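Undergrad: I need the structure of the sequence given here:
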Amino acid sequence: MFAAPGARIIPLSQANAATLARIMAQPASQVQTVQSRPGSSSYDGMPQGAATRTAVVGMRSDAARRTYERRVAALDPEDSATRAAIKAETRAATPPEVLAPLNAWRPTLGPPAGSGGRAHISNIGVNQVARALGWVGKGAGVLGTALALDDILTSPDHLCALTANVGAALGGFAGGAGGAALGTLTGPAAPVAAPAGGLAGSIAGGKLGYKAGEDVYDALSNW
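TA: Sure thing, here's the model as predicted:
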């Protein structure tokens, strides 16, 4: 037997085709359906998150060093005190993934012993490392953008993928910053733990951010 909502019980033997069609159609018209995303992406946000954090770390480190070089070049050769102050400001602007190894290598801000009074000349080797970090950062930015575009263009729901990738980028940046900051608290292990923590945090943050972006999109779509 079939029961139509708000109606009497109808024996199957008495139900003609029109009656059955009307009964079967009623739930679809009365029950609110929830829109869901068509299919799923092959991405999970982890590479996008790691690429975002790597891009930020590399380019910020290079930018901070370039500013240092420019300011130091204008100093008097004997003005070591001002150079130390500039170096402290530069390190404060350097991401912890790079700062922790740098502090372990050069824990002091003053000139190394035997270097002489040449406050206006920056370390060429460090400058070259900063340039390399900048190029790595730019390459990671291009890679992250390419991954995001591929995900968006191949996804069955382009807008959902866009929202998810924005979440992955934000999550990767924040997760990497948090992981690197925790790594700096490990004392002697900080030169290794800070970069490793930054990478692990960016991967985890990218995945969580991607999922959060999908959830936000679903919530707004079904508002």
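Undergrad: what's residue 201 in contact with, if anything?
TA: Counting by Cβ atoms under 8 Å, 6 or more residues apart in numbering, residue 201 touches 53, 175-180, 182. For the C-beta atoms, the positions are set from N, CA and C on the backbone; glycine is no exception.
Undergrad: Mind doing that once more with 6 Å?
TA: 175-176, 178-179 (Cβ atoms under 6 Å, 6 or more residues apart in numbering).
Undergrad: just the buried members of the residues you listed?
TA: Using 16 or more other Cβ atoms under 10 Å as the burial test, the contacts of residue 201 include 175-176, 178-179 as buried.
Undergrad: Next, give me the two most distant ones among these.
TA: Largest separation among the buried ones among the contacts of residue 201 by Cβ to Cβ: 176 and 178, giving 7.3 Å.
Undergrad: Among the buried ones among the contacts of residue 201, which lie within helices?
TA: Among the buried ones among the contacts of residue 201, DSSP state H puts 175-176, 178-179 in helices.
Undergrad: ok, those vs residue 97, which is closest?
TA: residue 176 (7.6 Å).
Undergrad: got the contact list for the residue nearest the centre of the chain?
TA: Within the chain, the residue whose C-alpha comes closest to the C-alpha centroid is residue 172; the distance, by Cα atoms, centre = their mean, is 2.1 Å. Listed by Cβ under 6 Å, 6+ apart, the contact set of residue 172 reads 49, 52-53, 202, 205-206.
Undergrad: okay if I get those as CSV plus secondary structure and pLDDT?
TA: Below are the contacts of residue 172 laid out as CSV (DSSP: H, G, I helix; E, B strand; the rest coil; pLDDT from 0 to 100):
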residue, secondary structure, pLDDT
49, helix, 97
52, helix, 98
53, helix, 98
202, helix, 98
205, helix, 98
206, helix, 97
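Undergrad: where do the strands sit along the protein?
TA: Here the chain has its strands, by DSSP state E, at 2-3, 9-10.
Undergrad: rank these by mean pLDDT and give me the bottom one.
TA: Ranked by mean pLDDT, the strands of the chain bottom out at strand 2-3, which scores a mean of 42.
Undergrad: Need the CA coordinates for stretch 54-71. CSV is fine.
TA: Taking C-alpha atoms only, stretch 54-71 is exported to CSV below (Å, rounded to 0.1, in the frame of the first residue of the first chain):
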residue,chain,number,x,y,z
THR,A,54,57.8,29.0,0.2
ALA,A,55,57.1,31.9,-2.1
VAL,A,56,56.5,34.3,0.8
VAL,A,57,59.6,33.2,2.7
GLY,A,58,61.9,33.4,-0.3
MET,A,59,60.7,36.8,-1.6
ARG,A,60,60.5,38.4,1.8
SER,A,61,64.0,37.2,2.7
ASP,A,62,65.4,38.6,-0.5
ALA,A,63,63.6,41.9,-0.1
ALA,A,64,64.8,42.3,3.5
ARG,A,65,68.4,41.7,2.4
ARG,A,66,68.2,44.1,-0.6
THR,A,67,67.0,46.8,1.8
TYR,A,68,69.9,46.1,4.1
GLU,A,69,72.4,46.3,1.3
ARG,A,70,71.0,49.6,0.1
ARG,A,71,71.1,51.2,3.6
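Undergrad: Just the buried positions in that stretch, please.
TA: Residues 54-65, 68-69, 71 are the ones in stretch 54-71 that count as buried (16+ other Cβ under 10 Å).
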